[in-house]
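Asks: pasted the sequence and its predicted model underneath.
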Amino acid sequence: MPDLAKIHDIVKVYEKTPTPLIYILKDVQKEFGALTEPVLSEVARITQMPLSEIYGVATFYSLFTTQPKGKHVVRCCNNAPCHVRNSKEVLQKIKEYLQLEIGGTTADGLFTLEFTSCLGLCAVAPVMMVDNEVYGNLTPEKAVAILKDYKLKGSSNA
Ligand code: FES
């Protein structure tokens, strides 16, 4: 169970900010990993804002997530330049390896798989990001090898 008391400290930081909700939700998500229902309810209680309004903001902006994500977020580019350079095959192999569909998280909580739009690196298409690292010139085999490295690192940290 997350320590919801930390939300009070975050809200206090922005008490003099004219429209603080985005800042509060950004910090709360950083602290808890996701804007889950209990977390949003606590934000509503402390800020005395309607939960429906807070939920609306949390689900409107793509930088927010209401679902907990894995330790590593894998984002596969599916825009046209990557598509014509076989991103579909790369993605298919990643899905098979992780046994996931887009939007899913592995049972061990290590990976979440998402799409991303163009990362501005079409010259090295197809491209994927893992957290903040970008990998280009992917083949299906190269993509899986990269994810295996993350898995190895993840299990050695356990
Ligand atoms: S289309 Fe994939 S990086 Fe630009």
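Replies: Thanks, I have the structure now. Residues are numbered from 1 along each chain as shown.

Asks: could you chop the chain up by domain?
Replies: 5-60, 72-157 (automatic domain parsing).

Asks: the helix of greatest length in the chain: which residues count as buried?
Replies: Assignment by DSSP state H gives helix 140-157 as the longest helix of the chain. Within helix 140-157, the residues that qualify as buried are 140, 142-144, 146-147, 150-151, 154, counting by 16 or more other Cβ atoms under 10 Å. Bear in mind the C-beta positions are built from the backbone N, C-alpha and C, glycine included.

Asks: same thing with stretch 91-100?
Replies: For stretch 91-100, by 16+ other Cβ under 10 Å, it's 91, 93-94, 97-98, 100.

Asks: then stretch 4-20?
Replies: Going by 16+ other Cβ under 10 Å, stretch 4-20 has these buried residues: 4, 7, 10-11, 14, 20.

Asks: tell me the span between the first and last residue of it.
Replies: Using Cα to Cα, to the nearest Å, the span of stretch 4-20 from its first residue to its last is 18 Å.

Asks: need the contact partners of that stretch.
Replies: Stretch 4-20 is contacted from outside by 23-24, 27-28, 31, 38-39, 42-43, 46-47, using Cβ atoms under 8 Å, 6 or more residues apart in numbering.

Asks: hang on, the earlier thing: counting contacts, what elements does the longest helix of the chain pack onto?
Replies: When contacts are defined as 3 or more Cβ pairs under 8 Å, 6 or more residues apart in numbering; DSSP states H and E, helix 140-157 sits against strand 72-77, helix 87-98, strand 128-130, strand 133-135.
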